[in-house]
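Engineer: Give me a model of this one.
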Amino acid sequence: MRRVDLVAPPMAGHLHPVLGIAARLAAEPGLDVRVISTAAALPAIAASGVTGLALLDGADEVIETVVNPPYRIGSNPRLLLRQFRAAVALQADFRRELLVAWAAQRPDLVIADFTMGAVGTAADEIGVPWWTTHPSPCAIEGRAGPPSYLGGWRPGRSALGRGRDAVGRSWVRGFKRLAPRLAGVRLADVGITRQYRPDGSESIYSAERVFALTPEAVEYPRALPAAVRYVGPVLHTPPSAAPPLVLDARRRAVLVTAGTHLPWHKATLVARAASAARELPDVEVHVSLGGTGAVPQVPPGVVVHEYVDYARDLPRFDAVVHHGGAGVLGHTLAAGLPSVVWPVDYDQFDHAARLVDAGVAVRVRRPAELAGALRRVLDEPSYRVRARAVAAGIAREPAVETIAAQVCRRLAPVAE
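Structural biologist: Numbering: from 1, shown residues only. Here you go, the predicted structure:
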């Protein structure tokens with residue numbers, strides 16, 4: 001029996017794809033699969049039918065304040081560095097406990113979400129191969145193309161534009177090199193002795209395999225490291241007790257969501273969705289709060305849900321308004337639905353640019369544009385046609401099947 005350990009933080013956008021992979025691998029004879037996270041993830045792990053192990057006992061409240069602050073991070077260096085400092089401290093503790101767990105049960109292969117930067121060095125320390133899953137590969141540095149986290153740059157087409165991209169990539173790399181000193185942290189505490197390998201790739205990602213969990217059809221050509229493989233989104237939502245949504249069959253239905261993060265944004269999201277609903281009387285507007293808690297007041301005209309099961313309910317809508325988060329982005333593309341993207345933080349602006357250029361979405365820059373953008377994606381057939389073409393590509397080669405095949409090959413006995 002070969003053991004595969006998968007490691008992810010408890011946040012849905014990172015945990016759910018890993019659970020989808022784990023559930024598929026668990027069906028392979030000869031594989032013993034375990035998901036390692038924190039206690040907050042254990043219910044979702046159990047609901048997905050796989051074995052779980054929780055580390056960092058009592059740390060989930062701290063993790064929540066680090067990854068889901070009640071304010072926008074944006075490009076504010078002070079907030080970014082504060083978040084980075086807290087994350088490195090948690091990763092150092094996680095790494096210590098992980099090594100203890102592996103001393104008792106050594107894995108044969110480790111697959112870790114890209115945010116778990118200390119896992120790879122721990123695997124190296126015990127001599128075990130490790131791979132990376134990356135739901136947001138636009139954040140991986142490439143040798144060409146636009147950098148991420150700068151507001152959603154498109155690829156430069158002219159010599160001047162390509163020069164701008166090169167300067168942007170250098171700026172992003174320079175900030176990453178400088179960040180540990182500015183934040184006053186030691187990357188050696190998480191086992192990282194260098195941020196970049198001699199070939200220029202980032203050492204927090206596997207040098208052997210990085211699974212990019214978005215369709216290549218919506219990405220820009222960017223000369224990424226050789227380890228990167230586009231496999232498409234992993235479409236997994238742990239089963240829940242929430243009843244299926246009831247939709248009005250007489251009207252087209254739209255889902256408005258900002259995922260399970262951004263609690264500071266949810267009240268605005270509900271209010272703007274209600275405004276759009278008033279301008280679109282032929283459209284039924286549903287809003288998901290993503291489990292972040294009730295908003296102070298629900299205006300008339302919208303149906304608000306605490307949580308929506310993407311795998312079960314999202315394909316029943318006619319379009320989706322989302323923030324560009326990797327989870328809902330993947331489910332929307334796989335369902336063949338057009339979308340309106342309203343990015344507000346992190347890499348969401350990069351995702352918005354890619355979806356617009358792929359012809360499957362309209363981006364809004366001001367909330368007042370929401371109703372008009374929805375009208376476009378609902379009434380202009382080209383958005384749905386292109387979205388369905390992307391969905392067909394995802395369905396032809398399900399990500400979990402591709403990953404399972406590669407895991408089995410990697411762990412197969414070598415013939416003498």
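Engineer: Helix or strand, whichever it is, which one in the protein has the lowest mean pLDDT?
Structural biologist: Sorted by mean pLDDT, DSSP states H and E, the helices and strands of the chain end with helix 60-67, the least confident at a mean of 80.
Engineer: CA atoms only: put it into PDB for me.
Structural biologist: The C-alpha coordinates for helix 60-67 follow below in PDB (Å, rounded to 0.1, in the frame of the first residue of the first chain):
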ATOM      1  CA  ASP A  60      -8.300  28.200  13.400                       C
ATOM      2  CA  GLU A  61      -9.500  31.400  14.900                       C
ATOM      3  CA  VAL A  62      -6.100  33.000  14.300                       C
ATOM      4  CA  ILE A  63      -6.000  31.500  10.700                       C
ATOM      5  CA  GLU A  64      -9.400  33.100  10.000                       C
ATOM      6  CA  THR A  65      -8.200  36.500  11.100                       C
ATOM      7  CA  VAL A  66      -5.100  36.200   8.900                       C
ATOM      8  CA  VAL A  67      -6.700  34.900   5.700                       C
END
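Engineer: neighbouring contacts of that helix?
Structural biologist: Residues from elsewhere that reach helix 60-67, judged by Cβ atoms under 8 Å, 6 or more residues apart in numbering: P9, P10, M11, T38, A39, A40, L56, Q83, A86, A87, L90, H261. Quick note: C-beta positions are derived from backbone N, CA and C, even for glycine.
Engineer: what comes up buried for that helix?
Structural biologist: D60, I63, V66, V67 (16 or more other Cβ atoms under 10 Å).
Engineer: Which SSE is immediately downstream of it?
Structural biologist: Where DSSP states H and E defines the elements, the next helix or strand beyond helix 60-67 is helix 77-104.
Engineer: What residues of that following helix count as buried?
Structural biologist: Residues 80-81, 83-88, 90-92, 94-95, 97-99, 101-102 are the ones in helix 77-104 that count as buried (16+ other Cβ under 10 Å).
Engineer: how about low-confidence regions in this structure?
Structural biologist: Scanning the chain for pLDDT under 70 picks out 74-75, 292-296, 414-416.
Engineer: what residues are up against R177?
Structural biologist: Applying Cβ under 8 Å, 6+ apart, we find R177 in contact with Q195.
Engineer: Tell me if I am right that it is in a helix.
Structural biologist: Yes - counting by DSSP: H, G, I helix; E, B strand; the rest coil, R177 is part of a helix.
Engineer: how close does it get to S48?
Structural biologist: Look at R177 and S48: by Cβ to Cβ, to the nearest Å, they are 38 Å apart.
Engineer: ok, the nearest residue to E141 once chain neighbours are set aside to H134 distance?
Structural biologist: Excluding the flanking residues, the one nearest E141 by Cβ to Cβ, 6 or more residues apart in numbering is E202, at 5.9 Å. According to Cβ to Cβ, E202 and H134 sit 11 Å apart.
Engineer: before we move on, what about A399?
Structural biologist: Going from A399 to H134 by Cβ to Cβ gives 12 Å.
Engineer: Could you do E369 as well?
Structural biologist: 31 Å.
Engineer: Pick out whichever of the two has more residues nearby.
Structural biologist: Neighbour tally, E369 and H134, criterion other Cβ atoms under 10 Å: the higher count belongs to H134, 22 against 17.
Engineer: which residues sit in contact with that one?
Structural biologist: Contacts of H134 by Cβ under 8 Å, 6+ apart are D113, F114, I140, Y205, V210, F211, A212, L213, V228.
Engineer: switch to 6 Å and redo it
Structural biologist: Going by Cβ atoms under 6 Å, 6 or more residues apart in numbering, H134 touches F114, V210, A212.
Engineer: Okay, strands next: where are they in the stretch 201-350 of the chain?
Structural biologist: 210-212, 228-230, 252-257, 283-288, 302-305, 319-322, 339-341 (DSSP state E, counting those that start in this stretch).
Engineer: now these as CSV including mean neighbour count and distance to A405?
Structural biologist: Below are the strands of the stretch 201-350 of the chain laid out as CSV (neighbours: other Cβ atoms under 10 Å; distance: least, Cβ to Cβ, whole Å):
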stretch, mean neighbour count, distance to A405
strand 210-212, 25, 12
strand 228-230, 18, 11
strand 252-257, 24, 32
strand 283-288, 24, 34
strand 302-305, 19, 37
strand 319-322, 27, 30
strand 339-341, 28, 30
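Engineer: which stretch among the ones you listed comes nearest G20?
Structural biologist: For those, the distance to G20 is smallest for strand 210-212, at 11.5 Å, taking Cβ to Cβ.
Engineer: Name every strand pairing with that closest one and say which way it goes.
Structural biologist: strand 130-134 (parallel), strand 228-230 (parallel) (DSSP bridges).
Engineer: Minimum distance to H331: which of those has it?
Structural biologist: Smallest distance to H331 across the strands paired with strand 210-212 (Cβ to Cβ): 16.3 Å, for strand 130-134.
Engineer: With only the CA atoms kept, save the closest one in CSV.
Structural biologist: Only the C-alpha atoms of strand 130-134 are listed here, as CSV (Å, rounded to 0.1, in the frame of the first residue of the first chain):
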residue,chain,number,x,y,z
TRP,A,130,6.1,16.4,-3.4
TRP,A,131,3.8,18.1,-5.9
THR,A,132,1.9,21.4,-5.9
THR,A,133,-1.8,22.2,-6.7
HIS,A,134,-2.4,25.7,-7.9
